[in-house]
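>>> Here is the input, now give the coordinates:
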Amino acid sequence: MSDETLHDALDALAEGRIVVITGDRYRGGDIDFCVAAKHVTSDAINFMATHGRGLICLALTPARAMKLGIQLINPGREQQSGRPHGRSIDAATGITTGISAADRARTVEVAVAERASGDDLVSPGHVFPLISAEGGVKDRPAAAEAAIELCRRAGAGDAAVICSILRDDGEMARPDDIAALQAEHGILSVDIERLLV
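Below is the predicted model of the structure:
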């Protein structure tokens, strides 16, 4: 990927558009949609649910997760999957069942608000936090850390909404599988390797 293409992807995130993250070393080539949490909308959530089909997650820095009272579900070594999931959340107010695209967008909005605290959230919920490594993408070159780094570079905050992408047959998608979808919707890709140079 050229620097120009990376710049275009950062512009897209700054404008509230979705990009695709590739090159996650921990998930064997799985790819993810990504949008800056500060710009998330019900339309973006619905697009991810429709075309991504995977778990919709909120990537958070350790500092923000701590501020929200969110800890790793399993911080120990026993039966550890290596996935940095925190407890699932819903907004404490302003939602109905929590699962609609609008409700999940509201939960993200509440969680990343400047003065947000744990009092603004309830658990369990329908948004799944991922707590990034302290050292970011250089410590853990995975989608959650890459998403946060991209949003920071784009001037779009330090939190992101990501969603794994599945093919129509339910198997994990690879870049070639979604080329037509990206072309149709003007969605750019960013490889994690570009953030490590």
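
>>> Chain neighbours aside, what residue packs nearest to residue 113?
Take residue 113 and drop its neighbours on the chain: the residue closest to it by C-beta to C-beta, 6 or more residues apart in numbering is residue 120, 7.3 Å away. From N, CA and C alone the C-beta is placed, and that goes for glycine too.

>>> buried stuff in the longest strand anywhere in the chain?
With secondary structure taken from DSSP state E, the chain has its longest strand at strand 121-131. By neighbour count on 16 or more other C-beta atoms under 10 Å, the buried set for strand 121-131 is 121, 122, 125, 126, 127, 128, 129, 130, 131.

>>> Find the residue at the geometric middle of this structure.
residue 162 (2.4 Å; C-alpha atoms, centre = their mean).

>>> about what we covered before: correct me if wrong: the residue nearest to residue 113 contacts residue 92.
Yes - using C-beta atoms under 8 Å, residue 120 is in contact with residue 92, at 5.5 Å.

>>> Those two: who's more crowded?
Higher neighbour count among residue 120 and residue 92: residue 120, with 18 against 14, using other C-beta atoms under 10 Å.

>>> Pull up the gap between residue 188 and residue 104, please.
Here residue 188 is placed at a distance of 24 Å from residue 104 (C-beta to C-beta, to the nearest Å).

>>> List the contacts of the closest residue to residue 95 other than its chain neighbours.
Of all residues not flanking residue 95 in the chain, residue 103 sits nearest, at 4.0 Å (C-beta to C-beta, 6+ apart). Counting by C-beta atoms under 8 Å, 6 or more residues apart in numbering, residue 103 touches 90, 91, 95, 96, 97, 126.

>>> from these, which is closest to residue 48?
residue 126 (13.1 Å; C-beta to C-beta).

>>> Residue 24: what's it in contact with?
By C-beta under 8 Å, 6+ apart, the neighbours of residue 24 are 30, 31, 32, 141, 142, 143, 146, 192.

>>> 10 Å instead, please
30-32, 140-146, 164, 191-192 (C-beta atoms under 10 Å, 6 or more residues apart in numbering).

>>> which residues of this structure fall in helices?
For the chain, the helices defined by DSSP state H occupy 3-14, 42-47, 62-67, 101-111, 143-153, 179-185.

>>> Same list (these) but as CSV, adding distance to residue 22 and mean pLDDT.
Converted to CSV, these look like this (distance: least, C-beta to C-beta, whole Å; pLDDT from 0 to 100):
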stretch, distance to residue 22, mean pLDDT
helix 3-14, 11, 90
helix 42-47, 18, 98
helix 62-67, 25, 97
helix 101-111, 23, 98
helix 143-153, 9, 97
helix 179-185, 11, 97
